[in-house]
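K.L.:
I would like the atomic coordinates for the input below:
(chains A and B)
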Amino acid sequence: MTTRYLLLFGLLIAALTGCRKEYDAPVPYTFTAATGAGRFSTPVRQAINGVYTVTDGSDVFGPQVVLKWTYIHNGADTAHHLSVYTSNVGYFDMEPQQQLGGLGVSGYWRRLQNTEIGLVQLTVNVKRNGVVSPFSGMLATGDTLVVSGAYGNDGVLPSKKLTMTYARPLNPRSFSILAHRAGGRTSDLLPASENSVEIIKMASRLGATGIEVDVRYTKDGIPILYHDNTLNLRLIQKNGLAGAIESYTYQQLTTFVRLLNGEKIPTLEEALETVVNNTDLSFVWLDTKYVRSMTQVQSIQRTYMQRAKAAGRSLQIVIGLPSDEAVSLYRDLPEKADTPVLCELDTSITRSINANIWAPRWTLGDQTAEVDVMKAEGRSVFVWTLDEPQFIQEFIDRTRFDGILSNYPCVVAYYHYIQQ
Amino acid sequence: MKYVFKFSMGLLVVGVLTASASAQKRAVADTGRTRGPYSVVLSVGGGLSYYSTHLGVPATLSNIQLSRFGVPLTIRALWVPDHRLRLGLESGWTTMYSYRGRANNTEGRVYVSAIPTLAIFQMPLAWLSGNERSIARRLSVTGGTGVYIVHSRLDYESTVQTSTISLGWMAAASYTQPIGPRFRVSGELKWYDAVASENAAFAAQLQLNYRLIRW
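P.N.:
Numbering: from 1, shown residues only, chains lettered A, B, ... in the order given. Below you'll find the predicted structure:
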């Protein structure tokens, strides 16, 4: 009897003290939203882009990293960011920082497969005959760039030494680094929610050259971006609403629903407006998550391809066909001129609809023979959705795909740019 | 760091089952004893509930009116054997919460309710000790696990009614007072938790129990 009560008491204590930790990774840095590149002129930024060897800090960030500048347009202004991509699913997001003196940047670093995050402050120096001095913008023969400073954990002031020494330029080969759900999954605790305007603006900083977005329709027929077929707490803030997203009108969603990081669910037009006006992304994959006429999406696709062309942008917007139903919707279009599509089904269906891009799932392997044939026919070939660093490296090094769709574009960027 | 209680009901159920198994072993060892009686008891109850976890009201609304109170209904069928562990099924209905407010000069209202569909386990605090008037024999704890059908209704420009299934559990403590050969009344305090949809409510109920059959 005593044993039984002790057991019950123990279970009660376990129940009351048992817990599930809720993970979060709040960004400890506030960007100034300053525009311009400060003293980081175009030649300086180009000189900094490259593969670097890590000495101090290699235990955290690996022996080698990629540094690359990206930009985003805000109206007539441009904001520049320096990103670092690491082999261990990590990235840095930094902005020019005048207060650091010389060529300084500050921001935060993050590892996407856990909650590790922290502040970072770096300056760009040049090593000449063994002597390190601030980089003035001019590199002489034999000079080596050294980007050094400190990093910290969480909101703690950076104090751990980090030194990165320029090793070689980035791999210049053209390759599409496509970010799943417009940049990455909400569940990876990114600063912005998946399929939001805010994550589209971040995609380049995460390493992407293009994005994949999920298109659905509201009850009143407005194409929006949303991945799941229902409103649920994985993607939205708690508001009492549930059920199929197609049950709600756009006005109802705009008024009552916010994505997990507080953003509105964007319309497809808002998303493409952002891509064209604010980013340097070169590819948009509109994944078909709806079962209704494709004409409206086709019309929007054409409008924004024309706007991009008028703006002098090299932007490809394609409709993704992931299923037989989606292929049927495409076949039902009254006319298909100027409607690039990407087919995820087999090569015969891809050929039968004359899709511009073939995109098999990565688990089907390298498929070198099929890839070669499709490329010989003038099609591009992408593979999806590849997240494991080891496989990303193997696919980049040993296969002939033109691009990879991943939830971790920073990893794809790392392995692509370090390739020699 | 934020901690939430999630699995306490499951652990309590395991505890109840363990304790019951021990009691059954003892009963089996008592050779020569006649088993029974067994009975099936139907319960119907109602009372007041209070939504007891965080809720989300869109920041876009103004003039917000919020209600955490509801009037829950419980229907339960319980197999009452000759040992301590009672098994049964429970359903019913309870309001979780509702709110109303204005946006774009239009009144909006959201109402969330749930239908629990649970397998339940009940155990009186005393069994062979004390007598029929013993308070410990009349006190019991109940736990259950299953699904909640969470119903959501939005009235804003038009009406949208949707439902979603959420895994969840329930825990309760009750006192039962005999009022006749077949009837009992119970006062029950219970905790509804639809874990997946993050809805939880505390309820106080008065229940009428009717012994349907006995053998």
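
K.L.:
would you list the phi and psi of A:Thr350?
P.N.:
phi -60, psi -40 (degrees, to the nearest 10).

K.L.:
you'd agree it is up against A:Glu370?
P.N.:
No: between A:Thr350 and A:Glu370 there is no contact under CB atoms under 8 Å: 9.8 Å. Backbone N, C-alpha and C define where each C-beta goes, glycine included.

K.L.:
more neighbours: those two, which one.
P.N.:
A:Thr350 (26 against 17; other CB atoms under 10 Å in any protein chain shown).

K.L.:
tell me how far the more buried one lies from chain B.
P.N.:
Plainly put, A:Thr350 is 37 Å away from chain B if you go by CB to the nearest CB, to the nearest Å.

K.L.:
ok, that residue - contacts?
P.N.:
By CB atoms under 8 Å, 6 or more residues apart in numbering or on different chains, the contact set of A:Thr350 is A:343, A:358, A:374, A:379.

K.L.:
which of those fall in helices?
P.N.:
A:Met374 (DSSP state H).

K.L.:
for chain B, what's the nearest residue on chain A?
P.N.:
Among the residues of chain A, A:Gly243 lies closest to chain B, at 2.4 Å counting by CB to the nearest CB.

K.L.:
going along the chain, name the helices of chain A.
P.N.:
Ranges of helices within chain A are A:2-17, A:42-48, A:58-61, A:197-202, A:250-256, A:268-278, A:295-310, A:324-331, A:347-352, A:368-376, A:389-398, A:409-418, based on DSSP H.

K.L.:
and the residue of chain B that's closest to chain A?
P.N.:
For chain B, CB to the nearest CB, closest residue to chain A: B:Thr162, 2.4 Å.

K.L.:
pull the number of nearby residues for that residue.
P.N.:
B:Thr162, neighbours per other CB under 10 Å, totals 18.

K.L.:
B:Ala59: neighbouring residues, count only.
P.N.:
So B:Ala59, with other CB under 10 Å, has 10 neighbours.

K.L.:
nope, A:Leu206 is what I meant
P.N.:
28.

K.L.:
and the residue nearest to it when sequence neighbours are not counted, how many neighbours?
P.N.:
Nearest non-adjacent residue to A:Leu206, counting by CB to CB, 6 or more residues apart in numbering or on different chains: A:Pro409, 5.1 Å away. Around A:Pro409 there are 28 other residues, counting by other CB under 10 Å.

K.L.:
my guess is A:Pro409 meets A:Ile177, correct?
P.N.:
Yes: contact between A:Pro409 and A:Ile177 holds when scored by CB under 8 Å: they sit 5.1 Å apart.

K.L.:
list residues touching both of those two?
P.N.:
Joint contacts of A:Pro409 and A:Ile177 (CB under 8 Å, 6+ apart) are A:207-208.

K.L.:
what bits of the stretch 1-150 of chain A have low per-residue confidence?
P.N.:
Along the stretch 1-150 of chain A, segments meeting pLDDT under 70 span A:1-21, A:100-101.

K.L.:
got it, and chain B?
P.N.:
B:1-33, B:128-132.

K.L.:
in chain B, where's the longest strand?
P.N.:
With DSSP state E applied, the strand covering the greatest number of residues in chain B is identified as strand B:158-178.

K.L.:
quick check: next helix or strand after that one?
P.N.:
Counting by DSSP states H and E, the next helix or strand C-terminal to strand B:158-178 is strand B:183-194.

K.L.:
return the set of buried residues in stretch A:395-412.
P.N.:
By neighbour count on 16 or more other CB atoms under 10 Å in any protein chain shown, the buried set for stretch A:395-412 is A:395-396, A:399, A:401-412.

K.L.:
show me where chain B has helices.
P.N.:
Going by DSSP H, chain B shows helices at B:8-29, B:135-138.

K.L.:
one step back: dump the helices of chain A into CSV; add distance to B:Thr117 as well.
P.N.:
As requested, the helices of chain A are arranged in CSV below (distance: least, CB to CB, whole Å):
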stretch, distance to B:Thr117
helix A:2-17, 22
helix A:42-48, 61
helix A:58-61, 49
helix A:197-202, 38
helix A:250-256, 27
helix A:268-278, 39
helix A:295-310, 40
helix A:324-331, 33
helix A:347-352, 43
helix A:368-376, 49
helix A:389-398, 42
helix A:409-418, 43
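
K.L.:
list the contacts for B:Pro37?
P.N.:
Contacts of B:Pro37 by CB under 8 Å, 6+ apart are B:82, B:214-215.

K.L.:
most neighbours of all those residues, which one?
P.N.:
B:Asp82 (14 neighbours).

K.L.:
that residue is in contact with B:Arg35, isn't it?
P.N.:
Yes: contact criterion CB under 8 Å: B:Asp82 and B:Arg35 qualify, at 5.7 Å.

K.L.:
my guess is A:Gly38 contacts A:Pro96, does it?
P.N.:
Yes: counting by CB under 8 Å, A:Pro96 is a contact partner of A:Gly38 at 3.9 Å.

K.L.:
those two: which has the busier surroundings?
P.N.:
Higher neighbour count among A:Gly38 and A:Pro96: A:Pro96, with 23 against 16, using other CB under 10 Å.

K.L.:
from A:Ser174, how far out is the more buried one?
P.N.:
28 Å (CB to CB, to the nearest Å).

K.L.:
repeat for A:Asp287
P.N.:
With CB to CB as the criterion, A:Asp287 and A:Ser174 are 23 Å apart.

K.L.:
please identify which of these two sits among more neighbours.
P.N.:
For the pair A:Asp287 and A:Ser174, the greater number of neighbours falls to A:Asp287 (25 against 9), based on other CB under 10 Å.

K.L.:
for the closest residue to the more buried one other than its chain neighbours, which residues are in contact?
P.N.:
Of all residues not flanking A:Asp287 in the chain, A:Gly320 sits nearest, at 4.3 Å (CB to CB, 6+ apart). Going by CB under 8 Å, 6+ apart, A:Gly320 touches A:212, A:285-288, A:326, A:341-342, A:344, A:359.

K.L.:
looking at these, which are in strands?
P.N.:
Going by DSSP E, the strands hold A:212, A:285-288, A:341-342 from the contacts of A:Gly320.
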